[in-house]
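Visitor: Here is my input, please return the structure:
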Amino acid sequence: MLKAVLFDMDGLITDTEKLLSHFWCLSAKSFGFDMRPEHVLGIRSLSAKFAEPHLKGIFGDDFDYYAIRNKRREMMNEYIEENGIEAKPGLYVLLDHIEELGLKCAVCTATDLERTKWYLGLLGICSRFDALVCGDMIKNGKPKPDTYLEGARALGLFPEECIALEDSPNGITSAYTAGCIPVMVPDLSQPDDELKKKLYAVCDSLNDVCSVIDELI
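Guide: I've put the predicted structure just below:
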């Protein structure tokens, strides 16, 4: 029986993947690297431990991952402070549905705890989650299963009692390997045939997740 919903954040709760893509490319170009949106797609939900070698494999050892990431964060913070962030369509309807059913929920994200609280606070939903599992709390981040294993543990549940909502292939791999019920809500890319084998369902928006939950309870 389904007992909880585990949420990714960027691109799933918050419409911030498009911002990450824009500012990663802008920052990298300021360091002389021709980073493009397709390069950013490959590091969605990846922890730094895995994102750094991935990008160095593309751009070479001169790619200063942490310096470029810090510059990206500075520019993105400035933008968000001025413009705020948007919730993904259907978020509040889904959270209400989860609450009505008495299910638990948690955020399981590669983003650090401070930024996670900031984003959720901007949307006014931080208190609606029973637990936060963030990138700086996990030894081996996505696509390893640790994030979702810890999310289930934090709720006192087994992974198979939890649906995991993700927008990225790396996140789906993490949830699938952990033993959760993986549901993809695509943001910047659609699942390919190989990824579909790991999915319980694909939803066009968070609104559609409500009916998937109803199937599982």
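Visitor: so where do the strands sit in the chain?
Guide: For the chain, applying DSSP state E gives strands covering 4-7, 104-108, 131-133, 162-166, 181-184, 201-202.
Visitor: Let me have the ones you listed in JSON lines, adding mean neighbour count, distance to L195 and mean pLDDT as columns.
Guide: Using the backbone N, CA and C atoms, a C-beta is placed for each residue, glycine as well. Below are these laid out as JSON lines (neighbours: other CB atoms under 10 Å; distance: least, CB to CB, whole Å; pLDDT from 0 to 100):
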{"stretch": "strand 4-7", "mean neighbour count": "27", "distance to L195": "18", "mean pLDDT": "98"}
{"stretch": "strand 104-108", "mean neighbour count": "25", "distance to L195": "18", "mean pLDDT": "98"}
{"stretch": "strand 131-133", "mean neighbour count": "21", "distance to L195": "22", "mean pLDDT": "98"}
{"stretch": "strand 162-166", "mean neighbour count": "28", "distance to L195": "10", "mean pLDDT": "98"}
{"stretch": "strand 181-184", "mean neighbour count": "24", "distance to L195": "7", "mean pLDDT": "98"}
{"stretch": "strand 201-202", "mean neighbour count": "16", "distance to L195": "9", "mean pLDDT": "98"}
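Visitor: a markdown table please, covering those and showing distance to A51.
Guide: Formatted as a markdown table, the strands of the chain follow (distance: least, CB to CB, whole Å):
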| stretch | distance to A51 |
| --- | --- |
| strand 4-7 | 21 |
| strand 104-108 | 17 |
| strand 131-133 | 18 |
| strand 162-166 | 17 |
| strand 181-184 | 20 |
| strand 201-202 | 25 |
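Visitor: Where is the longest helix in this protein?
Guide: The single longest helix within the chain, with elements called by DSSP state H, is helix 65-83.
Visitor: What residues of that one count as buried?
Guide: Across helix 65-83, burial judged by 16 or more other CB atoms under 10 Å covers 65, 68-69, 71-72, 75-76, 80.
Visitor: now, which of the residues you listed sits nearest A131?
Guide: The shortest separation between A131 and any of the buried residues of helix 65-83 is 24.0 Å, and it belongs to I80 (by CB to CB).
Visitor: what's near enough to touch the closest one?
Guide: If you count contacts by CB atoms under 8 Å, 6 or more residues apart in numbering, I80 has them with 19, 122.
Visitor: try the one 5 residues further on
Guide: Listed by CB under 8 Å, 6+ apart, the contact partners of I85 are 14-16, 19, 119, 122-123.
Visitor: how much space between the residue positioned nearest the centre of the chain and P186?
Guide: Taking CA atoms, centre = their mean as the criterion, D8 is the residue nearest the geometric centre of the chain, at 3.5 Å. For D8, the distance to P186 equals 12 Å [CB to CB, to the nearest Å].
Visitor: same thing with P145?
Guide: Distance from P145 to P186, by CB to CB: 21 Å.
Visitor: Next: G32.
Guide: Look at G32 and P186: by CB to CB, they are 32 Å apart.
Visitor: Which of the two has more residues huddled nearby?
Guide: Counting neighbours by other CB atoms under 10 Å for G32 and for P186 shows that P186 has the greater number, 16 against 9.
Visitor: From what I see, that one and D167 are in contact.
Guide: Yes - taking CB atoms under 8 Å as the contact criterion, P186 and D167 are neighbours in contact, 6.0 Å apart.
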